[in-house]
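Peer 1: here are the coordinates; sequence isn't available:
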């Protein structure tokens, strides 16, 4: 079992890293294209990434301990099998199986060659399911077969070339039976895909919902929260980049810098762009005042609501960073101030979490506090009013 567990665990680690790196770009892409985060599309995309690396590592791992693999094998070793259906002969060889005697057919399941062949058949079957989702039409089965053949050919060439020259000899053989079994497995997966895909919304369902969202000019709370969080992240990461480049990190200058950046990000830029922050421009929506309220006033109110939230946590951080000698007359006062600001910050965080969950689960019936305080609503329209 270790021969299968190790590759899958390795694929899980690689997938976790890639998922972390790709999550934000993927959210940006889906929000821009559909106007909401499609769970079914996300499941398909991320599960496909995991599947691809699991299949690849199952084929390639474990690797030889040294790149000088030729020294570990016999000089007359054959690195390929070009005889189709050799796996049938391997299963029948000294197995006691007689094709004319059904009672002996059960011995098939005791043959290592059977399990290896069956594994090769199953390896690309999930690929067929993904291809049915991507290609959409049942008549595309020929394309699915060619893609499956191309995938298994890629695996076989990677093996027979010693991962394209990394190893001086192939450490696994090029097997025409693998090409056959993998390709047929992908084709079978393509035809049985509707049974699996019935559990998820179809691509057409996602497109229909996207058109509905566009026509109703709605922007979901998750999309608005995503924009705010990334705008805030840009402010804080820009400070980290500045510190890394300059090598200095003055606490007072950090507060001034972030205050200016909050004003730029949530007041100056939205006023200049007719209601959109940097991320809103990327996601194609903006915030406008309701009931014909003053646009500049509403934008400034939103900035203040967001900035006050930042200021609460910043004050708590600064107060807790003070270090006073125990013999000082201000020591007790410092302790009370530290505990008090920490408690306020934690209470604020708890309130924000509860508030955020209520808004996200409210199906658009509730607004985030910064939008409600500013009396603004989201729109996809590019023209003011």
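Peer 2: On my side now, so go ahead. Since the model is a prediction, treat every value here as computed from it, not as a measurement.

Peer 1: quick one, helices of the stretch 1-150 of the chain?
Peer 2: 2-34, 39-60, 86-92, 112-123, 125-135, 141-160 (DSSP state H, counting those that start in this stretch).

Peer 1: turn these into a markdown table, columns for mean neighbour count, distance to residue 176 and mean pLDDT.
Peer 2: From N, CA and C alone the C-beta is placed, and that goes for glycine too. Converted to a markdown table, the helices of the stretch 1-150 of the chain look like this (neighbours: other CB atoms under 10 Å; distance: least, CB to CB, whole Å; pLDDT from 0 to 100):
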| stretch | mean neighbour count | distance to residue 176 | mean pLDDT |
| --- | --- | --- | --- |
| helix 2-34 | 14 | 23 | 91 |
| helix 39-60 | 17 | 15 | 93 |
| helix 86-92 | 16 | 8 | 85 |
| helix 112-123 | 17 | 11 | 89 |
| helix 125-135 | 21 | 19 | 93 |
| helix 141-160 | 18 | 9 | 92 |
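
Peer 1: ok, which of those comes nearest residue 234?
Peer 2: The closest of the helices of the stretch 1-150 of the chain to residue 234 is helix 2-34. By CB to CB, the value is 11.4 Å.

Peer 1: quick check: angle from that closest one to helix 39-60?
Peer 2: On the basis of axes from the mean of the first three to the mean of the last three CA atoms, to 10 degrees, helix 2-34 is oriented at 150 degrees to helix 39-60.

Peer 1: quick one on the thing from earlier: save the helices of the stretch 1-150 of the chain as JSON lines, and put in distance to residue 336 too.
Peer 2: Output for the helices of the stretch 1-150 of the chain, formatted as JSON lines (distance: least, CB to CB, whole Å):
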{"stretch": "helix 2-34", "distance to residue 336": "40"}
{"stretch": "helix 39-60", "distance to residue 336": "47"}
{"stretch": "helix 86-92", "distance to residue 336": "77"}
{"stretch": "helix 112-123", "distance to residue 336": "65"}
{"stretch": "helix 125-135", "distance to residue 336": "60"}
{"stretch": "helix 141-160", "distance to residue 336": "65"}
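
Peer 1: residue 232 is nearest to which of the ones you listed?
Peer 2: helix 2-34 (13.2 Å).

Peer 1: helices or strands up against the closest one?
Peer 2: With contacts taken as 3 or more CB pairs under 8 Å, 6 or more residues apart in numbering; DSSP states H and E, helix 2-34 sits against helix 39-60, helix 203-216, helix 221-246, helix 278-283.

Peer 1: still on that earlier bit, among the helices of the stretch 1-150 of the chain, which comes closest to residue 279?
Peer 2: helix 2-34 (8.3 Å).

Peer 1: any idea how far the residue nearest to residue 18 when sequence neighbours are not counted is from residue 21?
Peer 2: In this structure, residue 18 finds its nearest non-sequential neighbour in residue 49, 5.9 Å apart by CB to CB, 6 or more residues apart in numbering. Remark: distance between residue 49 and residue 21 (CB to CB, to the nearest Å) = 11 Å.
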